[in-house]
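Undergrad: Take this sequence and fold it.
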Amino acid sequence: MPHPPVVARAVVLAGPSGIGKSRLAALTGLPVLRLDDYYRSGDDPALPLITHGANAGLVDWDDPRSWRAQDAVRAVAELAGTGRTVAPVYDIARNGPCGTHEVTLDGARLFVAEGIFAQQIVADCRGRGVLAAAFCLRQRPLVTFWRRLTRDLREHRKPPLVLVRRGWALMRDQQRVIAEAELLGCTVVSPAEADARIRRLASG
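TA: Residues are numbered from 1 along each chain as shown. Below you'll find the model as predicted:
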């Protein structure tokens, strides 16, 4: 079955929390859809919980079930098909949305859809004919840990002890996350290589 016509296609940008997805997306100069804005609200009964360790009983925000994947896919498809979509604005410190904002392409033929669960929608985006490319960023785990921790502390995302414990667990899990993203259709590259490839796509 032929795909519906589109005005643009998405570069899906995945990678562990703190690895630099948002920074790279901004540097490209392309329109950006923040997929992390599709997290579930903190009072959603469908949220998964951490079942072991020091943070047992807290919401597991690193589990893809804490995220509304199908809503994210619909937003990517709408943006690709019409050049605009209305997306939520998520406040991590408050564990919930705090309004909406309009994402528009203004004639751009390429846009970036980035988030920590972005790899989960690669197949759906490809199936809808709206995928230009999918990348997962890689870098040294200790660098990611430090950048994530300083960002989260600066933005008061969670209590400091929770952030340290979460960051340590994520650092140990980083290679698994990247390997999973590759299995789900992402090309694993450094931030510099991703930037170069995205710029080639945008120019060609």
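Undergrad: Next secondary structure after the helix or strand hosting residue 101?
TA: For residue 101, the enclosing helix or strand under DSSP states H and E is strand 96-104. Per DSSP H and E, the first helix or strand lying C-terminal to strand 96-104 is strand 110-114.
Undergrad: The strand holding residue 101 vs strand 110-114, what angle?
TA: On the basis of axes from the mean of the first three to the mean of the last three Cα atoms, to 10 degrees, strand 96-104 is oriented at 170 degrees to strand 110-114.
Undergrad: quick one: strands adjacent to strand 96-104?
TA: Neighbouring strands of strand 96-104 in its sheet, by DSSP bridges, are strand 84-91 (antiparallel).
Undergrad: residues in contact with the partner strand?
TA: The set of residues external to strand 84-91 that reach it, using Cβ atoms under 8 Å, 6 or more residues apart in numbering, is 33-34, 36-39, 75, 78-79, 96-105. Just so you know, the C-beta spots here come from the backbone N, C-alpha and C atoms, and that holds for glycine as well.
Undergrad: In PyMOL, how would I select the buried members of the residues you listed?
TA: Selection of buried members from the contacts of strand 84-91 for PyMOL, criterion 16 or more other Cβ atoms under 10 Å:
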select buried, resi 33+34+36+37+38+39+75+78+79+97+103+105
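Undergrad: Now tell me which helix or strand of this structure has the poorest mean pLDDT.
TA: Evaluated with mean pLDDT, DSSP states H and E, the helix-and-strand set of the chain has its lowest mean pLDDT in helix 141-154, which scores a mean of 64.
Undergrad: if we can go back for a sec, which residues touch the strand holding residue 101?
TA: For strand 96-104, the surrounding residues in contact (Cβ under 8 Å, 6+ apart) are 31-33, 37, 41-43, 75, 79, 83-91.
Undergrad: now do stretch 180-192
TA: Under the contact criterion Cβ under 8 Å, 6+ apart, stretch 180-192 has outside partners 12, 14-15, 19-20, 23-24, 119-120, 122-123, 126, 133-139, 178, 197.
Undergrad: now that stretch: mean pLDDT?
TA: Per-residue pLDDT values over stretch 180-192 give a mean of 94.
Undergrad: Stretch 59-69 too?
TA: Confidence over stretch 59-69 (mean pLDDT, whole number) is 87.
Undergrad: doesn't residue 137 make contact with residue 19?
TA: Yes. At 4.8 Å, residue 19 counts as touching residue 137 under the criterion of Cβ atoms under 8 Å.
Undergrad: The helix or strand where residue 80 lies - contacts with which helices or strands?
TA: Take DSSP H and E as the rule and residue 80 turns out to sit in helix 69-82. Here helix 69-82 is seen to pack against strand 9-14, strand 32-34, strand 84-91, strand 110-114, helix 122-127 when contacts are counted using 3 or more Cβ pairs under 8 Å, 6 or more residues apart in numbering; DSSP states H and E.
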